[in-house]
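[1] Sharing a model that was predicted from the sequence below.
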Amino acid sequence: QFPRPGPRGALPSTMAHELNQPLTGVASYVRGGLRLLDSAEAPLAPEVRSALESAEAAAIQAGQIVRSLRELVARKTVSTQAQDLARIIMDANVLGFIDEQARGVKRRVSIDPEARWVEADGIQIQQVLINLIRNAIEATTGCPRREIAIATRPAAKNMVEMSVADTGEGLSDETRKALFSPFMSGKPDGMGIGLSITRTIVEAHGGRIWAEDAPDGGAVFRFTLPAARPAPANEHRSTDAEA
């Protein structure tokens, strides 16, 4: 069932949460450009241009996220087209692993050729992956092994399954019971809406999301999306979310 819009302020809070990562990217790239300008190295123009162009791309993405989530919450629809998961994963990794907290974390990506294309809103699914990646990074903090594995595989009923596995301490029974509840968070300063909006997005696409213990320790989050064949970029359709 599609979650109803929450109390006043819930949508702005959701927007703030989802925009945090690309805006962090903007700040990071701008700081990098300023450091280059302050250095004595020359020529600087190409490096500065690259940094500022990356900042511009992140800012544009922030605007796309606002429009996409506003449509999802207000209209209960998602506008979908065939999306290449290889590209979505690559873009999500750029923002998901952007800060110092991600340093030292090993990552593996495994894309099954038979589970590469999905029918989806690419911006929304990228946000799902970023949320799961950030949670996985936090879960491995302080652990002797810090590894994250992202994979795709075919699923039943013409679906594709994606997974994000970590080598953290795993999920407690208490956490597992309320994992996708609104405003539930295991982080002292967390807003508690990351996994809730993640579930909303996945279910609006006709998929489902769940978590389980990883075989080698830690946790693995899995979600499904409708499979698709590669299609022209201009082909798209709107999918009504269940009321």
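    Happy to help now that I have it.
[2] Could you point out the helix or strand that follows the helix or strand harbouring E56?
    Using DSSP states H and E, E56 maps to helix 45-75. The element immediately downstream of helix 45-75 (helix or strand, assigned by DSSP H and E) is strand 77-84.
[3] got the angle between the very next helix or strand once past that following strand and strand 77-84?
    Next in sequence after strand 77-84, counting helices and strands by DSSP H and E, comes helix 85-96. Orientation check (axes from the mean of the first three to the mean of the last three C-alpha atoms, to 10 degrees): helix 85-96 against strand 77-84 gives 110 degrees.
[4] Residues touching helix 85-96, excluding its own?
    With contacts defined as C-beta atoms under 8 Å, 6 or more residues apart in numbering, helix 85-96 is touched by 21-22, 24-25, 58, 102, 107, 109, 111, 115-118, 122, 125-126, 129-130, 133-134, 137, 150, 152, 160, 162. C-beta coordinates here come from the backbone N, C-alpha and C atoms, glycine included.
[5] go again using 6 Å as the cut-off
    Helix 85-96 is contacted from outside by 21, 25, 109, 111, 116, 122, 125-126, 129-130, 133-134, 150, 152, using C-beta atoms under 6 Å, 6 or more residues apart in numbering.
[6] I'd like to know which of the residues you listed is nearest to D173.
    D173 lies nearest to R134 out of the contacts of helix 85-96, by C-beta to C-beta, at 23.1 Å.
[7] neighbours around the closest residue to the closest one other than its chain neighbours, how many?
    In space, and not counting its chain neighbours, R134 is closest to G96: 5.9 Å by C-beta to C-beta, 6 or more residues apart in numbering. Residues contacting G96 under the criterion other C-beta atoms under 10 Å number 26.
[8] Please apply the same query to Y29.
    Count around Y29 with other C-beta under 10 Å applied: 21.
[9] All further residue positions should be reported with the first residue as 25.
    Taking 25 as the first residue, the last one we looked at is Y53.
[10] measure it to T164 for me?
    To T164, Y53 is 25 Å away according to C-beta to C-beta, to the nearest Å.
[11] before we move on, back to that, may I ask which of the contacts of helix 109-120 has the most neighbours?
    Ranked by neighbour count (other C-beta under 10 Å), these have Q150 at the top, with 28 neighbours.
[12] Let's test this: mean pLDDT of the helix or strand harbouring that one, rounded?
    Using DSSP H and E, Q150 sits within helix 146-163. For helix 146-163, mean pLDDT rounds to 91.
[13] now it against strand 101-108, angle please.
    Computed by the same axes, to 10 degrees, the angle separating helix 146-163 from strand 101-108 equals 80 degrees.
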